[in-house]
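In: Kindly generate the corresponding structure for this input.
(chains A, B, C and D)
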2 protein chains.
Amino acid sequence: MNIRDLTYLRALSRHKHFGKAAESCNVSQPTLSVQLKKMEDDLGVTLIERTNRAARLTPIGENVLALADEALGAVDAIRTITAEASDPFSGHFRFGSIPTISPFLVPDVLVALGRTFPKLQLVFRENITERLTEDLLNGDLDAAILATPPETPRLLSIPLYNEPLLVIHPLGHDLAALDGLIPSDLPLDQMILLSEGHCFRDQTVDLCNIQSRTTLAETSVTSLETIISLVEAGQGISIVPALAQGKGWLDRPRIGVQLLRSQGATRQLNLTFRKSSPRRKLIKAVSDEIMALLV
Amino acid sequence: MNIRDLTYLRALSRHKHFGKAAESCNVSQPTLSVQLKKMEDDLGVTLIERTNRAARLTPIGENVLALADEALGAVDAIRTITAEASDPFSGHFRFGSIPTISPFLVPDVLVALGRTFPKLQLVFRENITERLTEDLLNGDLDAAILATPPETPRLLSIPLYNEPLLVIHPLGHDLAALDGLIPSDLPLDQMILLSEGHCFRDQTVDLCNIQSRTTLAETSVTSLETIISLVEAGQGISIVPALAQGKGWLDRPRIGVQLLRSQGATRQLNLTFRKSSPRRKLIKAVSDEIMALLV
DNA sequence: TGATTATGATAGACATAGTCTATGAATATA
DNA sequence: TATATTCATAGACTATGTCTATCATAATCA
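Out: The predicted model follows:
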């Protein structure tokens, strides 16, 4: 059987005439005749009652036609939705980012993308790098804003922004006297860290060369917001990404902020996606859009 | 596009692997690859995200698959219902008969057909010859039991029964004295007739050579049952088909019944159907079944 | 790192399906 | 009886689908 055969049947039922039905299908009368005969032979049933004045569907022919209409409707819907979706900037776009980026960047990204790609339906998901990477690999995400380069060749990434790092400390802390901090200036026993799993924690640990027993186990929390509050309360010092400042998160009277000056004291934000993704064009456009927010 | 292509897409989404999907479709891997690629090109959309480890549907691919499933379901249903219907003694059988036959024959016919063809769904319709003929011609009926030969070459008929005619009169009527009536014996001014449109009325009129003003206008009624009641009440005489007697309709103490002996004093019942009907086999079997009831 | 394995794409030959024009058979119409 | 109309059939041609063989790419493992 064949989709075309079904349209032939539909045309015949409409015109009740082989010649006219064929014309409406833009084929010759024998073509339509032969194909419908083949379909009847194939199904082992007479679908059409042939007369010299009118071709009529048999009862079973009518039942087949009803189902044929259903099938043709579905096929038509396929053509419709694919025609709409052939615009690469349409459909669902599922992206994620890590918790140390999202609060400072994602709201703006959502607004900007929504404005630039009105036909794109945005779905956002926050999680740690490991989970986002899984979601990327199994196809649940189209892209993710990460601060670490992909560990598998199956993922690619576009650089977005090289973000400076800031040291925050309570007002009046010894560090306030120094100008231009480097990691070794920091009193490690006062460092408040994010909990395990956050890549920003790993980066801080690497940067400051913190050994496993160097710092207090208690001072690890699950969000930058908590860290900032703790620092403000005089409970210690920490390192935060510079984007936090842009959003006014650090504009608090009891917090001192200083740039961390050191080679590698930045983090590289990038947009990561599957190498096999067929949505390269869209992903590139999205990355441009995000970069425009970060100048 | 092609129904087969849709099954390829479905198989691929199930196996997430071109080779395995191809195997499940009993085709080679390149065949499936090429066909799906063609479908994508045709639709102008990437349906599949290809990797060396897993082939996955894109979001739009998933949407297309859902519709493909719908279409394939309908096609499957076509195969199912036609496979069932390939038995000629199944499906709906729509037949009719005229009011001067139905009450005496159709109940038995329904029972007999139901018993012999259990998979046949019977639909019965009573009407006058003219309407039934229309319904036959436009395909609303498969067959009809009529008492007149078809007037168009587009209809054929199978003879069922040559039915004698009976004269009925009130008990004690002059006719009771006679043995073996012929039409000219009948007092035409006492004849009760069916109303216009009934072929049995026409036959009676012909048979008795009744002129338009010969009989009383008031004595025309719409059913044989009414005629019998009127005769029983002494309001006149009439002619009825012999089948009426078989069913006991005439077994009333105040009615006399006599056979009408005359050439042409019978009516020919037959089963009429479209010459173009593809259900000849069934119709022949049905006529055999009815004839068996009429021996 | 280099060999091996797995995956999907591509090329070219071949077979099958579908389509066309021309024509025929059957029936209705004048 | 001649003419229309309608659908079926035949034979040539074309498009489409399918195969085998092979290639390119990437993952895996010694």
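In: Could you use CA atoms for every contact and neighbour count after this?
Out: Fine.
In: Briefly note if stretch A:46-54 comes near DNA strand D.
Out: Yes. Applying CA under 7 Å from any atom of the strand, one finds that stretch A:46-54 is in contact with DNA strand D at A:50-54.
In: got the CA positions of that stretch in PDB?
Out: Taking only C-alpha atoms (Å, rounded to 0.1, in the frame of the first residue of the first chain), the coordinates of stretch A:46-54 have been written out as PDB:
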ATOM      1  CA  THR A  46     -13.500  -4.900  -3.500                       C
ATOM      2  CA  LEU A  47     -13.400  -1.300  -2.400                       C
ATOM      3  CA  ILE A  48     -15.100   0.200  -5.500                       C
ATOM      4  CA  GLU A  49     -18.300  -0.600  -7.300                       C
ATOM      5  CA  ARG A  50     -17.700   0.200 -10.900                       C
ATOM      6  CA  THR A  51     -20.400   1.400 -13.200                       C
ATOM      7  CA  ASN A  52     -20.400   3.200 -16.500                       C
ATOM      8  CA  ARG A  53     -22.100   6.100 -14.900                       C
ATOM      9  CA  ALA A  54     -20.700   6.300 -11.400                       C
END
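In: what helix or strand is the residue sitting furthest away from the middle of chain A on?
Out: The outermost residue of chain A relative to its centre, with distances by CA atoms, centre = their mean, is A:N52 at 61.0 Å. Under the criterion DSSP states H and E, no helix or strand holds A:N52.
In: Could you find the closest non-adjacent residue to the closest residue to chain B within the stretch 51-200 of chain A?
Out: With CA to the nearest CA as the measure, A:A71 is the residue of the stretch 51-200 of chain A nearest to chain B, at 4.1 Å. In space, A:A71 comes closest to B:A71 once its chain neighbours are excluded; the distance is 4.1 Å by CA to CA, 6 or more residues apart in numbering or on different chains.
In: Validate this expectation: that neighbour resides in a strand.
Out: No. Counting by DSSP: H, G, I helix; E, B strand; the rest coil, B:A71 is not found in a strand; it is helix.
In: re earlier: what about the residue of the stretch 51-200 of chain A closest to chain B, neighbour count?
Out: A:A71 has 26 neighbours, counted by other CA atoms under 10 Å in any protein chain shown.
In: Quick check, pLDDT for it.
Out: A:A71 carries a pLDDT value of 90.
In: Just list the residues touching it, thanks.
Out: Applying CA atoms under 8 Å, 6 or more residues apart in numbering or on different chains to A:A71 gives the contacts B:70-75.
In: Output the longest strand seen in chain A as PDB, nothing but the C-alphas.
Out: The residue-count maximum for a strand in chain A (DSSP state E) belongs to strand A:155-170. Extracted in PDB, the C-alpha atoms of strand A:155-170 (Å, rounded to 0.1, in the frame of the first residue of the first chain):
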ATOM      1  CA  LEU A 155      30.600  17.600  23.300                       C
ATOM      2  CA  LEU A 156      31.800  20.900  21.800                       C
ATOM      3  CA  SER A 157      31.700  24.400  23.300                       C
ATOM      4  CA  ILE A 158      31.800  28.000  22.200                       C
ATOM      5  CA  PRO A 159      33.600  30.400  24.500                       C
ATOM      6  CA  LEU A 160      31.400  33.000  26.000                       C
ATOM      7  CA  TYR A 161      33.300  35.100  28.500                       C
ATOM      8  CA  ASN A 162      36.400  35.000  30.500                       C
ATOM      9  CA  GLU A 163      35.200  35.900  34.000                       C
ATOM     10  CA  PRO A 164      37.400  37.500  36.600                       C
ATOM     11  CA  LEU A 165      37.200  36.300  40.200                       C
ATOM     12  CA  LEU A 166      36.600  38.400  43.300                       C
ATOM     13  CA  VAL A 167      37.600  38.000  46.900                       C
ATOM     14  CA  ILE A 168      35.000  39.000  49.400                       C
ATOM     15  CA  HIS A 169      35.600  39.600  53.100                       C
ATOM     16  CA  PRO A 170      33.900  41.300  56.000                       C
END
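In: If you count neighbours, what's buried in it?
Out: Applying a neighbour-count criterion of 16 or more other CA atoms under 10 Å in any protein chain shown, one finds A:155-161, A:163-170 buried in strand A:155-170.
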